[in-house]
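Chemist: build me a structure from this.
(4 chains)
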2 protein chains.
Amino acid sequence: MVNEQEFLAGYDPRAYPAVAVTADVVALTIRDGELQVLLIQRAAPPFAGFWALPGGFVRPEEDIAAAARREFAEETGLGGEPLRRVHFEQLASYGTPERDPRMRIFSIAYLAFAPDLPEPSAGSDAGDAQWLPVTALSTRELAFDHRKIVEDGLERARSKLEYTPLATRFVGEEFTIADLREVYETVWGHALHAGNFHRKVLSVPGLVEGTGATTEHGGPRGGPRARLYRAGDARLLHPALLRPAREETVR
Amino acid sequence: MVNEQEFLAGYDPRAYPAVAVTADVVALTIRDGELQVLLIQRAAPPFAGFWALPGGFVRPEEDIAAAARREFAEETGLGGEPLRRVHFEQLASYGTPERDPRMRIFSIAYLAFAPDLPEPSAGSDAGDAQWLPVTALSTRELAFDHRKIVEDGLERARSKLEYTPLATRFVGEEFTIADLREVYETVWGHALHAGNFHRKVLSVPGLVEGTGATTEHGGPRGGPRARLYRAGDARLLHPALLRPAREETVR
DNA sequence: GGAATAGTGTCTTTAAGACACTATGTC
DNA sequence: GACATAGTGTCTTAAAGACACTATTCC
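Modeler: All right, here's what the predicted structure looks like:
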């Protein structure tokens, strides 16, 4: 074997088997009080019949984030202002040599958060696309390493609720404190104390700002009208809204 | 123009200009009481003479993390147990189309943390390699988008000190509380209150565990011998060691 | 002896959480 | 009227930070 130096000096990626880069999207929304993730049923091999994240090759001259948005838009049919309101952030990259049997494919995963989205329309390379409650993920066979990617995305989402105003991306432009609490409860999977949550949210500078208005009606099962709020200008929450202690998971 | 569906169905990355994937490393250490980052001076175009992060193409059949470790090892000359003690984690990926003038190159950046490392030996594709105090970064011209990558790495490091025991990776196997405090002060760029820091570190479960031993001597300018500690088994700190409030940077 | 540092004691302030309660709405 | 919910009051506990102090060691 040649030594490292010679190998490196002569190393030219063009002389080696081609690699490709895809942008895959873990798109999360809250529908029917459940946290749901967007999945596509694959029509063609490999993993035909399995469910996969929306995604595809990053095109020449296309930015990675743009590719992620494009794939998301294609599968959801979303565009214009609604699409612009969706929050995208890079999650992580995945590239073990054997993750795709066809060739070496690196996947750069993005996380997308959007309020209550409609049922998606399928793209051409997908037999079917649908929102799946994350609690039902264990019943589906996921293609490639997409189960790991979804898990990483869920953990990122749970953790970002703590110290960013991300929760406001899961609700409409105007929302009540109870709407926001439902987001936290759904993503964290814990019931929260309504009174303490209320006070806490209002005490964090820049998290929400009141609109002066209230809901038109009380809740479906009674209760007074709730005040309406907009997202504030904070980009980090201080102090943070920490998850109930999870000392068990810490070691 | 063909519509999206046709485009996608016929899209084959092998029919398009080749792309390549590199693993680049933001390697941080604390030397001489300063946070330093490992840089390589480029010998060949593009960006000849500029400073760059150690890194290189991910080889066929090679995992991305393995490529990052290999590049780091090549530049530092580290191996065996010392290399194994270095903490690596994926930082983020960078892939704007124009970031490398030669071809489309996606960079998957890793963050490495290591205690006080020796002066590095240069690899073959580098005219020179050296540790640079991060405070001196503004005096150097960095190649590609490496300045942005370093900044992202620094912010990640600062933030990870808060809620993980990462600081213990910047010190030797046995350390004093003052050693640990120096890490926090150096990475955060703030002086911390010695007494409160001491109590806080000991109060976080699993952050450190005592060895029973103390230093051989007091400090160079006096003071009693300090007790020695090892890293504990916590993987997350609870409660966290939060940075002094930065309300200014929050909006 | 003078000075610096390790480690502890104590008090104040802030934040989190438990619990209770009032007012307002739905059915 | 029964019941659920929005929003607030109050108390307890945990944690962060300011400050002071003792004991130990170097020069």
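
Chemist: okay, now the domains of chain A?
Modeler: A:16-161, A:164-250 (automatic domain parsing).

Chemist: go through those and name the closest to B:T135.
Modeler: Comparison of the domains of chain A against B:T135 by Cβ to Cβ identifies domain A:164-250 as nearest, at 24.1 Å. Bear in mind the C-beta positions are built from the backbone N, C-alpha and C, glycine included.

Chemist: pull the distance from the closest one to the chain's centre.
Modeler: 19 Å (Cα atoms, centre = their mean, to the nearest Å).

Chemist: and the helices in chain A, which stretches?
Modeler: Here chain A has its helices, by DSSP state H, at A:4-9, A:64-76, A:80-84, A:146-163, A:177-188, A:194-203.

Chemist: which of these sits closest to B:R31?
Modeler: Among these, helix A:4-9 comes nearest to B:R31, with 25.0 Å by Cβ to Cβ.

Chemist: list the buried ones in stretch A:54-72?
Modeler: By 16 or more other Cβ atoms under 10 Å in any protein chain shown, the buried positions in stretch A:54-72 come out as A:54-59, A:62-72.

Chemist: quick one: pLDDT of the residue nearest to A:R104 when sequence neighbours are not counted?
Modeler: Leaving aside its sequence neighbours, A:R104 sits nearest to A:V19 (Cβ to Cβ, 6 or more residues apart in numbering or on different chains; 4.4 Å). Looking at A:V19, its pLDDT stands at 94.

Chemist: and if you look at the one 4 residues further on?
Modeler: Turning to A:A23, the model gives it a pLDDT of 98.

Chemist: can you get me a residue count around it?
Modeler: 29 (other Cβ atoms under 10 Å in any protein chain shown).

Chemist: that one pairs with what?
Modeler: A:A23 has these beta-bridge partners by DSSP bridges: A:G56, A:I108.

Chemist: that one and A:G55 touch, don't they?
Modeler: Yes. Using Cβ atoms under 8 Å, A:A23 is in contact with A:G55, at 5.7 Å.

Chemist: overlap of the contact sets of those two?
Modeler: Residues touching both A:A23 and A:G55 by Cβ atoms under 8 Å, 6 or more residues apart in numbering or on different chains: A:A68, A:E71, A:S107.

Chemist: so where is chain A shaky, pLDDT-wise?
Modeler: A:1-11, A:121-127, A:245-251 (pLDDT under 70).

Chemist: how far away is the closest residue to DNA strand C within it from A:E216?
Modeler: The nearest approach of chain A to DNA strand C comes at A:G222, 2.1 Å away (Cβ to the nearest atom of the strand). Distance, A:G222 to A:E216, using Cβ to Cβ, to the nearest Å: 15 Å.

Chemist: for A:A114, same thing?
Modeler: Plainly put, A:A114 is 24 Å away from A:E216 if you go by Cβ to Cβ.

Chemist: which of the two has more neighbours?
Modeler: A:A114 (21 against 6).

Chemist: and the nearest residue to that one once chain neighbours are set aside, how many neighbours?
Modeler: In space, not counting the residues next to it along the chain, A:A114 is nearest to A:V86; the distance is 4.4 Å by Cβ to Cβ, 6+ apart. If you count neighbours by other Cβ under 10 Å, A:V86 ends up with 19.
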